[in-house]
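Undergrad: Mind looking at a prediction? Sequence and model below.
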Amino acid sequence: MIEIKNIRKEFNGRVVLDGISGTFKPGNCSLIIGGSGTGKSVLLKCIVGLIKPEGGNVLYNGRDFWSGDKDTKRDIRREMGVLFQGSALFDSKTVLENVKFPLDMLTDQSEEEKMDRAQFCLQRVGLEKAAQRMPSEVSGGMKKRVGIARAIVMNPKYLFCDEPNSGLDPLTSVKIDELIQEITDEYQITTMVITHDMNSVLGIGEDILFLHQGHKLWEGTKDNILDTEVPELQEFLYSNQLVRRMKKSQQ
Ligand SMILES: Nc1ncnc2c1ncn2[C@@H]1O[C@H](COP(=O)(O)OP(=O)(O)OP(=O)(O)O)[C@@H](O)[C@H]1O
């Protein structure tokens, strides 16, 4: 479980996160949604330990990341998997080598063990046949799958996905969402996903946190989001034609 309490971040005196709190549970896919520039990426960076907030706590199963010592931070980092925006694969490494990379860097496993684990993860995302291809030789959706395989290769307790659907067609997006949800459930990972994809919101939004100008304005699930009375969230949702139509057909 991840708990964030009162996260506050400012840049040069400008507050970009103002007292954000929330609880994220194992086996759940929690979405952070909101318009551009509302603080989603900064919040994620504060949670994964890339940006230090000015105030607040980030607790991983009760361990406070920011006030923890070097060993605590290292231990927590080892339990994280991250799917970066744009997948962030190494162009000069094969798909398999990309997936194996965290094991090469962070473990002293034998080559055979690392290969077995990397191949297992590639198989889990349905890419075993692409193991020897280069990233430039696979599609955008496949790159995301490689990114997911790499993110889970260390068997993480916590999985962070920054806009996993960006640049994908709607069908591939849904498949990526389903894969993230399946893996979350199968390994009981605490997963957080940043998105502004409405299909994801309505498809996998078991827990949704809506940010607006650095504030958390709403929290709920895909089942009650369309009933929101928060004007900023309504505006965000109903800028999407499909959602407008869904709401109309409900009435
Ligand atoms: N390193 C930084 N220095 C100064 N300001 C920053 C920095 N990083 C982010 N910001 C500012 O913080 C605010 C929130 O940015 P953030 O990247 O979290 O938005 P976002 O919600 O993820 O947007 P998008 O959906 O467009 O990616 C923005 O106004 C941004 O300009």
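TA: Arrived safely, thanks for sending. Bear in mind that the values here come from a model prediction, so they are computed numbers and not experimental data.
Undergrad: Is the residue positioned nearest the centre of the chain in a helix, a strand, or coil?
TA: By C-alpha atoms, centre = their mean, the chain has its centre lying nearest to Cys161, at 2.1 Å. Under DSSP: H, G, I helix; E, B strand; the rest coil, Cys161 falls in the strand class.
Undergrad: ok, now which ones touch it?
TA: 82-83, 148, 151, 180, 191-194 (C-beta atoms under 8 Å, 6 or more residues apart in numbering). Where you see a C-beta, it was placed from the backbone N, CA and C, and this is true even at glycine.
Undergrad: so what's Gly203 closest to, chain neighbours aside?
TA: Excluding the flanking residues, the one nearest Gly203 by C-beta to C-beta, 6 or more residues apart in numbering is Asp177, at 5.4 Å.
Undergrad: What helix or strand is Asn199 located in?
TA: helix 198-204 (DSSP states H and E).
Undergrad: Check which helices and strands the helix or strand following that helix sits against.
TA: Downstream of helix 198-204, the first helix or strand assigned by DSSP H and E is strand 207-212. Applying 3 or more C-beta pairs under 8 Å, 6 or more residues apart in numbering; DSSP states H and E, one finds that strand 207-212 contacts strand 14-24, strand 29-33, strand 215-220, helix 231-238.
Undergrad: Let me have these in CSV, extended by mean pLDDT.
TA: Putting the helices and strands packed on strand 207-212 into CSV (pLDDT from 0 to 100) gives the following:
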stretch, mean pLDDT
strand 14-24, 96
strand 29-33, 95
strand 215-220, 97
helix 231-238, 91
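Undergrad: List the buried residues in stretch 183-198.
TA: Residues of stretch 183-198 classed as buried: 183-184, 187, 189-198 (neighbour count, 16 or more other C-beta atoms under 10 Å).
Undergrad: sorry, back to before: ok, what's across the strand from the residue nearest to the centre of the chain?
TA: Under DSSP bridges, the beta-bridge partners of Cys161 are Leu83, Val193.
Undergrad: going forward can the numbers begin at 46, since that is how I track them
TA: In the new numbering, first residue 46, that becomes Cys206.
Undergrad: How about the contacts made by the residue in the stretch 196-296 of the chain positioned nearest to the ligand?
TA: Proximity to the ligand, evaluated over the stretch 196-296 of the chain using C-beta to the nearest ligand atom, is greatest for His241 at 6.1 Å. Counting by C-beta under 8 Å, 6+ apart, His241 touches 78-81, 208.
Undergrad: same thing with Gln177?
TA: 139-141.
Undergrad: go again using 6 Å as the cut-off
TA: Going by C-beta atoms under 6 Å, 6 or more residues apart in numbering, Gln177 touches Thr139.
Undergrad: again with Gly265
TA: Counting by C-beta under 6 Å, 6+ apart, the residues that Gly265 touches are Ile253.
Undergrad: And the contacts of the worst-scoring helix or strand of the chain on mean pLDDT?
TA: Lowest by mean pLDDT, DSSP states H and E among the helices and strands of the chain is helix 286-295, with a mean of 72. For helix 286-295, the external contacting residues (C-beta under 6 Å, 6+ apart) are 243, 271, 282-283.
Undergrad: Generate a ChimeraX selection restricted to the buried subset of the residues you listed.
TA: With 16+ other C-beta under 10 Å as the criterion, this ChimeraX line picks the buried residues out of those:
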select :243,271,282
